[in-house]
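> Output the structure for:
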Amino acid sequence: MKFRALLRSIRSSSVTFSSKPTKSLPQCRLFHHDFVPRDPKAKPKRYKYPPVYDPYGPRPPPSDKVTQLAERIAALSPEELKQIGPTLRERLKHPKMQPISVDGLDFGSQGGGPAGSAKAEEKKAEKTAFDVKLEKFDAAAKIKVIKEVRTFTNLGLKEAKDLVEKAPVLLKQGVTKEEANDIIEKIKGAGGVAVME
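Numbers count the residues shown, from 1 in each chain. All right, here's what the predicted structure looks like:
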């Protein structure tokens, strides 16, 4: 609506432009003095683009040594071809590529078919929370195991003792994999056997 009103106001104003300067409007140059208008009958120029754009420009052809090396690589068996990448990385001292975590990123439906939905279900099935279970412990190391259980649970001495004596029993639920491995190592150091579920 505002646009229409603006158009009406422009139409209603009776401003006329002519080639002759008027006394009320100062004369102003619209174009630079070197400007030459294009010939309306002239054909537009057509530029020919190269078939392949190479930002680095023309390159010299590879040397004979490089060509022979490429032929030798092409003649290798598939097992030997798989070994080239790691060997060159080690020889040239390139850092090992680290995988990028895509947890929490949604890339939409990739694949679109049943294979894509199966991958999505498999991704959802991955566990992120683990339970730590005390399987058994050495009778001589019972006190050490009770002390370790008290360090990562908020139990008193009597509650921790009762819990350890009920082995096999769940010690902690819903922890991360790193935390679960840390708890298992501590219990193993104290003389007990714990597993992650």
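
> Let me know the distance separating Thr67 from Leu81.
18 Å (Cβ to Cβ, to the nearest Å). The way it works is simple: take the backbone N, C-alpha and C, and place the C-beta from them, glycine included.

> Okay, domains of this protein per the record?
61-95, 130-196 (automatic domain parsing).

> Looking at those, which one is packed in the most?
domain 130-196 (a mean of 16; mean count of other Cβ atoms under 10 Å).

> starting at the chain centroid, how far to that domain?
37 Å (Cα atoms, centre = their mean, to the nearest Å).

> distance between the ends of it?
6 Å (Cα to Cα, to the nearest Å).

> what's stretch 132-146 in contact with?
Stretch 132-146 is contacted from outside by 149, 157, 160-161, 164, 167-173, 175, 180, 183-184, 187, 190-197, using Cβ atoms under 8 Å, 6 or more residues apart in numbering.

> Just the terminal-to-terminal distance for it.
15 Å.

> Begin at 477, not 1, for the rest of this chat.
Noted, 477 is the first residue going forward, which turns the last one into stretch 608-622.

> mean confidence score for that stretch?
The average of the pLDDT scores along stretch 608-622 is 86.

> what's the answer for stretch 644-651, then?
pLDDT averaged over stretch 644-651 gives 83.

> tally of neighbours for Pro575?
Counted with other Cβ atoms under 10 Å, residues neighbouring Pro575 total 5.

> how would you label it: helix, strand or coil?
Using DSSP: H, G, I helix; E, B strand; the rest coil, the structure places Pro575 in coil.

> Arg565 too?
helix.

> What's the separation between the nearest residue to it once chain neighbours are set aside and Asp579?
Once flanking residues are discounted, Arg565 sits nearest to Lys572: 7.0 Å by Cβ to Cβ, 6 or more residues apart in numbering. Applying Cβ to Cβ, the value for Lys572 to Asp579 is 21 Å.

> so where is the protein shaky, pLDDT-wise?
Where the chain drops to pLDDT under 70, the residues are 477, 487-513, 580, 582-602.

> how about a cut-off of 50?
588-589 (pLDDT under 50).

> ranges for the strands of it?
With DSSP state E as the criterion, the chain has strands at 606-613, 645-651, 668-672.

> In JSON lines, list these along with distance to Pro538.
JSON lines is the format used below for those (distance: least, Cβ to Cβ, whole Å):
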{"stretch": "strand 606-613", "distance to Pro538": "54"}
{"stretch": "strand 645-651", "distance to Pro538": "56"}
{"stretch": "strand 668-672", "distance to Pro538": "54"}
